[in-house]
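Colleague: This is the structure alone, sequence omitted:
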């Protein structure tokens, strides 16, 4: 199955996959924008987003604690969609000719591991201890980074001019 390479595809397939991967990059950057908007991409903002704001002098908090239903819905939607995103990006990346062996496998599997760690840690952050925020941030960063690496390598091979 590994005889097929992205560089060997016909122009129609290369254009189609390139547009898909570019659309995925836009979606990924939009997701990062949402994370920035809701958490300021810092530990305090992330903790506040999930555990709620501190209430001072009977004021209405800016953020309410995320309820159990919201945690379940967020986890369900994100774990399933991130698994599919990782599957499709990974399957396209599998056919690149630049990265092989254990490094290729690591790049393909890591987003699945980070997805599980990220959303498990969000539950621990919400209900057990604020320190899980650092695991959430590291695993999320790795997931987005590995997606971007796979997409960029795939796009490079799909659009590299043949000699």
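Modeller: Thanks, I have it. Nothing here was measured: the structure is a model prediction, and the numbers come from that model. Numbering: from 1, shown residues only.
Colleague: The residue lying farthest from the centre of the chain in helix, strand or coil?
Modeller: The centre of the chain is farthest from one residue, residue 57, which by Cα atoms, centre = their mean lies 38.5 Å away. When classified by DSSP: H, G, I helix; E, B strand; the rest coil, residue 57 comes out as coil.
Colleague: Distance check, it against residue 22.
Modeller: 50 Å (Cβ to Cβ, to the nearest Å). (Glycine included, C-beta is placed from N, CA and C.)
Colleague: Let's see the pLDDT reported for the residue farthest from the centre of the chain.
Modeller: On pLDDT, residue 57 comes in at 71.
Colleague: Residue 163 now?
Modeller: Note on residue 163: pLDDT of 53.
Colleague: now do residue 82
Modeller: Predicted confidence (pLDDT) for residue 82: 98.
Colleague: That one is in contact with residue 111, isn't it?
Modeller: Yes: counting by Cβ atoms under 8 Å, residue 82 touches residue 111, with 7.1 Å between them.
Colleague: Need the residues touching each of the two.
Modeller: Contact criterion Cβ atoms under 8 Å, 6 or more residues apart in numbering; residues shared by residue 82 and residue 111: residue 143.
Colleague: Could you check which of these two is surrounded by more residues?
Modeller: residue 111 (25 against 20; other Cβ atoms under 10 Å).
Colleague: so who does that one touch?
Modeller: Shown in contact with residue 111 (Cβ under 8 Å, 6+ apart): 82, 85, 86, 89, 90, 143, 146, 147.
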